[in-house]
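>>> here is the input, now give the coordinates:
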Amino acid sequence: MSVLLLASSTGITYAQHFCGEYKMLSEITLGEKHLSCGMAMDMPGCEDETAAHDCCDNEYVNVETDNTFSKATFDIEFDKNFVTAFVSVFVLQTPENYPDKTNNFADYDPPPLERDLQILYETFLI
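Take a look at the predicted model:
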C-alpha cells in the first residue's frame, strides 16, 4: 500500500509509444516524457513528414489515488476463553524444576584389565 502511495505522489508514469498500431517503446518515467521511435513509418496519411499527423502516438498511464485519507479502525473481538487459555499456557507458564543430574556411577570401579595393552604394543603417550 505504501509503494502505491509513493508511486502516485511522485508522479511515476508508464509511458508507451505507438507507431500506427505497433507498440515500439515503453518506459517507466517521472511525469509525462516524450517518447520517440526515431524512425518514420510509411502509412496512409503519413506521406508528408513535415505536416502534423497522428501516425505516432504516446500513451501515458498514471497511478492515481484520492487524497482523502481516513483513519483506519479495526473492530477485533477476541474470544475470552481463548485469551485466558493462551495467557495461562504461554505467558504465565513456569519452568518445571527437574532434579539435578546425579552421577549414578560415582562408586563404580572399571573392570580390571586382562592385559596391559600399552605395554603389549609398546605405545606410550608422552
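>>> what residue ranges in the protein score low on pLDDT?
The chain contains residues with pLDDT under 70 at 1, 4, 7-8, 39-54, 65-72, 74.
>>> what ranges does it have for its strands?
Taking DSSP state E, the strands of the chain run over residues 12-19, 22-30, 56-62.
>>> which of the residues in the shortest one are buried?
Using 16 or more other C-beta atoms under 10 Å as the test for burial, strand 56-62 gives Cys56. (Each C-beta comes from the backbone N, C-alpha and C, glycine too.)
>>> now it and strand 12-19, what's the angle there?
Computed with axes from the mean of the first three to the mean of the last three C-alpha atoms, to 10 degrees, the direction of strand 56-62 lies at 160 degrees from that of strand 12-19.
>>> strand 56-62: how far from the chain's middle?
The chain centroid and the centroid of strand 56-62 are separated by 31 Å, computed with C-alpha atoms, centre = their mean, to the nearest Å.
>>> who does that strand pair up with?
The strands beside strand 56-62 in its sheet (DSSP bridges) come out as strand 12-19 (antiparallel).
>>> again with the longest one
When pairs are called by DSSP bridges, strand 22-30 turns out to pair with strand 12-19 (antiparallel).
>>> and the partner strand, what's buried?
Buried residues in strand 12-19, counted by 16+ other C-beta under 10 Å: 13, 15, 17-19.
>>> run through the bridge partners of Asn58.
Residues found in beta-bridge contact with Asn58 (criterion: DSSP bridges) are His17.
>>> nearest to Pro112 among the buried residues of strand 12-19?
Proximity of the buried residues of strand 12-19 to Pro112, judged by C-beta to C-beta, is greatest for Thr13, which lies at 91.1 Å.
>>> ok, the closest one - contacts?
By C-beta atoms under 8 Å, 6 or more residues apart in numbering, the contact list for Thr13 reads 28-33, 60-62.
>>> look up how far Glu77 lies from it.
The gap separating Thr13 from Glu77 is 43 Å, by C-beta to C-beta, to the nearest Å.
>>> got it, and Arg115?
Counting by C-beta to C-beta, the gap between Arg115 and Glu77 amounts to 79 Å.
>>> so for those two, which sits in the more crowded spot?
Arg115 (8 against 5; other C-beta atoms under 10 Å).
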